[in-house]
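Chemist: coords please:
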Amino acid sequence: MSIETVAGPQDAQHVPLSEADKLRQDAESAAQVRRLANHPDVIALRVEKVRTQIDVLLWVGIFLGLAFTMVNVQAFAASGAAVWSLAWLSAWLLDPMVSLVLVAVLRAEQITARYQVQTGRWAHRTKWFAFLATYVMNTWKSWTHFDVAGVALHSVPPVLVFLAAETAPVLRDKLTEAVMKAAGHAFTGEANTQETAPAAEVTPAVPAETPDADETVPTPALSPAPAPRRTTRKAKAPAKQGRKLRADYLAEARAAWAPGIEITPAWVREVCPEVSRGTSKNVADDLIAETRTAPTVLPVPAPTTTARTDSEEAA
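Modeler: Here you go, the predicted structure:
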């Protein structure tokens, strides 16, 4: 019965690899992993997984907070009505009514934040009104009885729901911005694909033989030079444009701007039709800051014809 020994890493010829060969293979594998890990598609997939986890946690926390405030809001709306009476039953509809409107606004912001689109003032006003209404109805009884512990207890869920509602769009916007930055050339980790053309080989000139004086050199018949052949180059297809970044929109707006033009988000959207409302505001702010800090260059007046004539006569 023979015992087989386990050999170490070997190459194709079954020769044990040296320490340098092992390190070289490890370096190549690490470089490939790093290049793939920095690929925009891989980064986008990781960000989407994190986005899903954040959305699930935020929604669970928001629904738990709204469910906790439902009892106090019902007690505030019932205000001592008999149990199972019509007023007591209808009081249970007040908190879900406010909560459903708030959830609808948050759901819309979940989609618009992915594409960095601002929802507008009315969405913020609706959230603020829903929060204030829930907070007042949830803590009214504790405020009237000057119950500090009750105020602190019943203030935590509505305040936490409000903070989550205000923080969620910001987090989603930052995740989208991370994906857009990863799409830039600086984060791809790929080397420059432009290849330099090899230098043309120089053929050494062979010196011509000098004919003897006695020999007669025949004169070759001159033939008409062939017409130069025109080669038509096929036009290259335009490169496919990728996703534009904020710096690209800023460069287009900077090129279109001239003194006297008022820089506004609406003007930026006219210059860059594909820019979103939120990004147009950021581009307008950046361009306004550049125009304010840019030094003013005064034109140097050209010498007049009379002054040039006087100088020539003096010379």
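Chemist: contacts, neighbours, all on C-alpha from now
Modeler: Fine.
Chemist: not counting sequence-adjacent ones, nearest residue to residue 256?
Modeler: residue 271 (7.1 Å; CA to CA, 6 or more residues apart in numbering).
Chemist: what does residue 276 give?
Modeler: Residue 276 sits nearest to residue 117 (CA to CA, 6+ apart), 6.2 Å away.
Chemist: pretty sure that neighbour sits against residue 280.
Modeler: No: counting by CA atoms under 8 Å, residue 117 sits too far from residue 280 to count as a contact (10.1 Å).
Chemist: so between the two, which is more surrounded?
Modeler: residue 280 (25 against 16; other CA atoms under 10 Å).
Chemist: pLDDT wise, what is the closest residue to the more buried one other than its chain neighbours at?
Modeler: Residue nearest to residue 280 in three dimensions, not counting chain neighbours: residue 265, with 5.0 Å by CA to CA, 6+ apart. On the pLDDT scale, residue 265 is placed at 86.
Chemist: so what touches the helix or strand that contains residue 291?
Modeler: According to DSSP states H and E, residue 291 maps onto helix 277-293. For helix 277-293, the external contacting residues (CA atoms under 8 Å, 6 or more residues apart in numbering) are 116-118, 246, 249-250, 253-254, 263-266, 268-269.
Chemist: scan this protein for its longest helix.
Modeler: helix 40-78 (DSSP state H).
Chemist: name the helices or strands packed onto the next helix or strand along the chain from that one?
Modeler: Next helix or strand after helix 40-78 toward the C-terminus (DSSP H and E): helix 86-90. Under the contact criterion of 3 or more CA pairs under 8 Å, 6 or more residues apart in numbering; DSSP states H and E, helix 86-90 touches helix 40-78.
Chemist: what is the helix it packs on packed up against?
Modeler: Checking 3+ CA pairs under 8 Å, 6+ apart, helix 40-78 ends up next to helix 86-90, helix 94-112, helix 121-144, helix 148-182.
Chemist: and it with helix 94-112, angle?
Modeler: 160 degrees (axes from the mean of the first three to the mean of the last three CA atoms, to 10 degrees).
Chemist: tally of neighbours for residue 71?
Modeler: 15.
Chemist: per-residue pLDDT of it, please?
Modeler: 89.
Chemist: would you mind measuring from it to residue 97?
Modeler: Remark: distance between residue 71 and residue 97 (CA to CA, to the nearest Å) = 14 Å.
Chemist: do residue 152 as well
Modeler: 24 Å.
Chemist: what of residue 156?
Modeler: Residue 156 is 21 Å from residue 97, by CA to CA.
Chemist: may I have the phi/psi pair for residue 273?
Modeler: In terms of degrees, to the nearest 10, the main-chain angles of residue 273 are phi -60, psi -30.
Chemist: with residue 283 as the reference, measure out to it.
Modeler: 13 Å.
Chemist: before we move on, what about residue 262?
Modeler: 13 Å.
Chemist: and the two? Which one has more around it.
Modeler: residue 283 (27 against 11).
Chemist: which ones are touching the closest residue to residue 110 other than its chain neighbours?
Modeler: Distances taken as CA to CA, 6+ apart place residue 169 nearest to residue 110, at 6.6 Å, with adjacent residues excluded. Going by CA under 8 Å, 6+ apart, residue 169 touches 109, 110, 113.
Chemist: okay, these in CSV with pLDDT and distance to residue 57 next?
Modeler: What follows is the contacts of residue 169, written out as CSV (pLDDT from 0 to 100; distance: CA to CA, whole Å):
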residue, pLDDT, distance to residue 57
109, 90, 16
110, 88, 13
113, 83, 17
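Chemist: pick the one among those residues closest to residue 17.
Modeler: Ranked by distance to residue 17 (CA to CA), the contacts of residue 169 are led by residue 113 at 53.3 Å.
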